[in-house]
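J.: turn this into a model:
(2 chains)
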Amino acid sequence: MVKFRYLPMTEQDQKEMLAEIGIDSIDELFKDIPENVRFKGDLNITEAIPEPELMKKMNGFAQKNVNTKEYTSFLGAGVYDHYIPSIVDHVISRSEFYTAYTPYQPEISQGELQAIFEFQTMICELTGMEVANSSMYDGQTALGEAAFLSAAHTKKNKVVVSKSIHPEALSVLKTYAKGPNLDVVEIDATNGTTDLDALRAEVDENTACVIVQYPNFFGQIEPLKEIEEIVHQQKAMFVVSSNPLSLGTLQPPGKFNADIVIGDAQPFGIPAAFGGPHCGYFATTKKLMRKVPGRLVGQTKDEEGKRGFVLTLQAREQHIRRDKATSNICSNQALNAVAASVAMTAIGKKGVKEISMQNLHKANYTKKQLEKNGMKVIFEGAFFNELVVKLPKPVKDVNKALLEKGIIGGYDLGQYYPDLEDHMLIAITEQRTKEEIDTFVKELGGVQ
Amino acid sequence: MTNQNQSLIFELSKPGRIGYSIPELDVPETPIEELIGSDYVRADEPELPEVSELQIMRHYTALSTRNHGVDSGFYPLGSCTMKYNPKINEDVARIPGLAHIHPYQDEDTVQGAMEMLYDLQTTLEEITGMDEVTLQPAAGAHGEWTGLMMIRAYHEKNGDHQRTKVIVPDSAHGTNPASATVAGFDAVTVKSDENGLVDLEDLKRVVGDDTAALMLTNPNTLGLFEEQILDMARIIHEAGGKLYYDGANMNAIMGRTRPGDMGFDVVHLNLHKTFTGPHGGGGPGSGPVGVKKDLLPYLPKPLLVKTEDGYRFDYNRPDSIGRVKPFYGNFGINVRAYTYIQTMGREGLKKVSDYAVLNANYMMRRLAPHFDLPYNQHCKHEFVLSGKRQKKLGVRTLDMAKRLLDFGYHPPTIYFPLNVEEGMMIEPTETESKETLDEFIEAMIQIAREAEESPEVVQQAPHTTVVKRLDETTAARKPILRYEKE
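T.: As a prediction, this is how the structure comes out:
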């Protein structure tokens, strides 16, 4: 009877248990399912596959994919190939972390709670904000939640968003906005950053928030200083989406009086994994602390005065507030928040500066090399680790040629921006060597 | 678990130590002021820790020993399906061709991933009896909201703008009413009857031409099967509403019945529960949503489809509610769930539900003499006891939960569902042996006895954990949400 290695039930067990219940068969436990909705026969799904064969099957799927361990990748656009310290996976493979659930019983969940408390602290440090939550699904849905919070807090309806944010963040925002009927107004980007005149014209007394990305989707550094003035003049909330690694070099949004900073911690220790799971973060001010979506870990003391950690301010959350809650988030990305914490710890104060600076320098070197080779890098402003290059051919064709050389090329901007057809968004992280960059530039030049 | 005081990583930090290693910069350096305007160069340094690699490993190892997972011991947390997390799942998710693929790679270079996802979709359609599944939602609550947004789009397309209400049973998960609100609906409660099932008379009272949907968990949070499901489906459908299935309790019914056959129009699943996600300390999860044909046009885009030219993402879906998540969902969790389903197969998944239900009924019958059992019929994969009897002795359910910690167990879900006084919701799952169930039962019986004979032992519990009960009131009144250097 024991045929499945996860199921310890023996015939003897089953007999004893049925006797205790006072029935003859398991079928009797399902008699309350009405006859005409009982499922008869076998589900038309796979037969059980033994472990060695299954491993082969899954490797088979994997082998049909091109991966960034074997190919040199210049693809970013929100998901990046960064250094992942080996220690990260060793920590999150400790099953006390990954086989636990939400730390509702703090006395036996101090490990998870403290790890998240440390995550919250590190996110605050990087963003320059006072409060950070325990994680969100991803940067894009965190952005949707930031719009919700802004609208609920200001009791206003208009969400002004720059078109230079991640296009999928914009798509997700538009879906989120339909719930509470928020009015999403898009501001064009000119020369790669938010059009300040258009922004000034649009932000008014009905504006709940203004959302920009820093560095933005094109890699450009948005003028947060000027934007902040426009936003706060109208008492709207200033929401900044930010790559936390870039904040090792860039002045953090907190210094520009951002009200909410959101983003994704994927650059810290989290593999691309075909787009998820990653790790959204949500940081804000003390003033808004009691309106933050999701879980918060707080420090407290036990009955003997010993330091400990608990989930706190739970009156905000769905399981208490039910239909009065402003967010429905329950499960978040806890394990990936731990992964990001381990990476942020390993990289540390020195590393976050060194690695982000390497991104900056390598991207600028790439720009110079591209220009030297006669290619046009559009947008003149300062940028972090991504740039946009104009190609003489469709990006899809170029990428196909690059792939044959073992290179995964950049992102095709024409998919979302009609005026940027044949423009490629290229990401250069610290992982790319000078040699790889030179080869890439040469090959890119060669497709002309 | 050790009993020493645990430092924060910041307290171990010392200037000059590092825990990373990358190659030296190999390109010419341009002075930073030539690259970034001075206003935008970071002035201060973020206070991240400065520690060595061994210090980090010891720190997190110490933290892990202060944490209880399924691998540490029994974890009968009701409604959370804390079953064993297979190790092959973890190995598979780390294969470079699955872990290190970028979502924006050309579709031709990720056909393996797309094929696997497509097969997972198809498999989940069969298990739930639905016509089409999207894998985009990140977790259960996200799936609920996605499903409700589709229902909303459906009604709006039909010009039914007056359908603003979503009916939710009083025993529902908190996410149900919250998701309804976030999707722009008003949540309306329908009462349970004396058998713990939805009160049909009350349902008839609250239903109307303003009904958008009824959200239901079946079996419900009491672990009871809603026997009148077909009547409920008829009432809702006749009123023009849609029936929403919260799949949190799917572990009870695989191969026995399907939401699609019960009349549900939308289903979400929690792959981190029934399909061994794992739970990750609170996530990441995955919350696929399945729909019947009516709602198919409204699925989030892109939709993964199979064509003559391989697997493709279909963006051309004019009635779609849009994107609910970037990229294609929590792929890494979907990989694990797929691996699990392949391990169990059709025969195994049915056994999963059979044994989950058998285990729960066995525990319920053995514990019934010692606690209050508010609903006496057979349960499904979980059951709810009431601590009413012990409360009269001055011992609350919270105390009993804390006492269980001394025995090395994670307690059941407590004070939920809301319609049971001093509730304890117990879900053993199918991966636990009878010996484990018996030991837990003995511990529960001992606690019930202690409540009578030496209540202070229970009231003052836990006695053996690394910290005693924590002051949650002060934590909320004077929140300390981050470390600050003294």
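J.: which residue sits closest to residue 33, ignoring its sequence neighbours?
T.: You didn't pick a chain, so chain A it is. The shortest distance from A:Ile33 to any non-neighbouring residue, by C-beta to C-beta, 6 or more residues apart in numbering or on different chains, is to B:Thr257 (5.0 Å). From N, CA and C alone the C-beta is placed, and that goes for glycine too.
J.: you answered for a different chain; I wanted chain B.
T.: Per C-beta to C-beta, 6+ apart, closest to B:Glu33 is B:Val41, 7.3 Å.
J.: please save the CA atoms from stretch A:349-369 in CSV.
T.: Provided in CSV are the C-alpha atoms of stretch A:349-369 (Å, rounded to 0.1, in the frame of the first residue of the first chain):
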residue,chain,number,x,y,z
LYS,A,349,28.4,48.4,3.3
LYS,A,350,31.5,48.3,1.2
GLY,A,351,30.2,45.9,-1.5
VAL,A,352,27.0,47.8,-2.2
LYS,A,353,29.1,50.8,-3.1
GLU,A,354,31.7,48.9,-5.0
ILE,A,355,29.2,46.8,-7.0
SER,A,356,26.9,49.7,-7.9
MET,A,357,29.9,51.8,-8.9
GLN,A,358,31.1,48.9,-11.2
ASN,A,359,27.7,48.9,-12.8
LEU,A,360,27.9,52.6,-13.4
HIS,A,361,31.5,52.5,-14.8
LYS,A,362,30.9,49.4,-17.0
ALA,A,363,27.7,50.9,-18.5
ASN,A,364,29.5,54.2,-19.2
TYR,A,365,32.4,52.3,-20.7
THR,A,366,30.0,50.4,-22.9
LYS,A,367,28.4,53.7,-24.1
LYS,A,368,31.8,55.0,-25.1
GLN,A,369,32.7,51.8,-27.0
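J.: and the closest residue to chain B within the stretch 101-250 of chain A, what element?
T.: Nearest to chain B, among the residues of the stretch 101-250 of chain A, is A:Gly111, at 3.2 Å (C-beta to the nearest C-beta). Using DSSP states H and E, A:Gly111 sits in helix A:110-127.
J.: by proximity to chain A, which residue of the stretch 251-400 of chain B wins?
T.: Closest residue of the stretch 251-400 of chain B to chain A, C-beta to the nearest C-beta: B:Phe327 (2.5 Å).
J.: phi, psi of that residue?
T.: Phi and psi for B:Phe327, reported as degrees, to the nearest 10, are phi 60, psi -130.
J.: with the one 3 residues further on instead?
T.: Here is the backbone geometry of B:Asn330 (degrees, to the nearest 10): phi -80, psi 80.
J.: next, find the distance separating it from B:Thr221.
T.: To B:Thr221, B:Asn330 is 25 Å away according to C-beta to C-beta, to the nearest Å.
J.: higher neighbour count, these two?
T.: Ranked by neighbour count (other C-beta atoms under 10 Å in any protein chain shown), B:Asn330 and B:Thr221 place B:Asn330 first, with 36 against 29.
J.: show me the chain divided up by domain.
T.: Picking chain A for this. A:11-63, A:72-83+A:349-446, A:86-343 (automatic domain parsing).
J.: chain B was what I was after
T.: According to automatic domain parsing, the ranges for chain B are B:9-65, B:89-342.
J.: which of those sits most buried?
T.: Comparing these by mean neighbour count (mean count of other C-beta atoms under 10 Å in any protein chain shown), domain B:89-342 ranks first with a mean of 23.
J.: how far out from the middle of the chain is that domain?
T.: Distance of domain B:89-342 from the chain centroid (C-alpha atoms, centre = their mean, to the nearest Å) equals 13 Å.
J.: gap between the two ends of that domain?
T.: 11 Å (C-alpha to C-alpha, to the nearest Å).
J.: let me see the contact set for residue 122.
T.: Using chain A. A:Met122 sits next to A:Ser341, A:Met344, A:Thr345, B:Pro46, B:Leu48 when contact means C-beta atoms under 8 Å, 6 or more residues apart in numbering or on different chains.
J.: oops, wrong one, chain B.
T.: The neighbourhood of B:Thr122, defined by C-beta under 8 Å, 6+ apart, consists of B:Val133.
J.: how about it, secondary structure?
T.: At B:Thr122, secondary structure determined by DSSP: H, G, I helix; E, B strand; the rest coil is helix.
J.: with B:Gly240 instead?
T.: Assignment for B:Gly240 (three-state DSSP): coil.
J.: ok, it touching B:Asp160?
T.: Yes: if you go by C-beta atoms under 8 Å, B:Gly240 and B:Asp160 touch, sitting 6.8 Å apart.
J.: export the strand ranked longest in chain A as CSV, just CAs?
T.: Using DSSP state E to define each element, chain A has its longest strand at strand A:207-214. Only the C-alpha atoms of strand A:207-214 are listed here, as CSV (Å, rounded to 0.1, in the frame of the first residue of the first chain):
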residue,chain,number,x,y,z
THR,A,207,-3.7,64.3,-7.5
ALA,A,208,-3.2,61.6,-5.0
CYS,A,209,0.3,60.8,-6.0
VAL,A,210,3.0,61.1,-8.7
ILE,A,211,5.0,57.9,-9.5
VAL,A,212,8.4,57.9,-11.1
GLN,A,213,11.2,55.4,-11.4
TYR,A,214,14.8,56.0,-10.4
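J.: how close does the closest residue in space to A:Thr312 that isn't next to it in sequence get to B:Leu8?
T.: Among residues not flanking A:Thr312 along the chain, A:Gly298 sits closest, at 3.5 Å (C-beta to C-beta, 6+ apart). Distance from A:Gly298 to B:Leu8, counting by C-beta to C-beta: 14 Å.
J.: shared neighbours, these two?
T.: Common neighbours of A:Gly298 and B:Leu8, counting by C-beta under 8 Å, 6+ apart, are A:Phe117.
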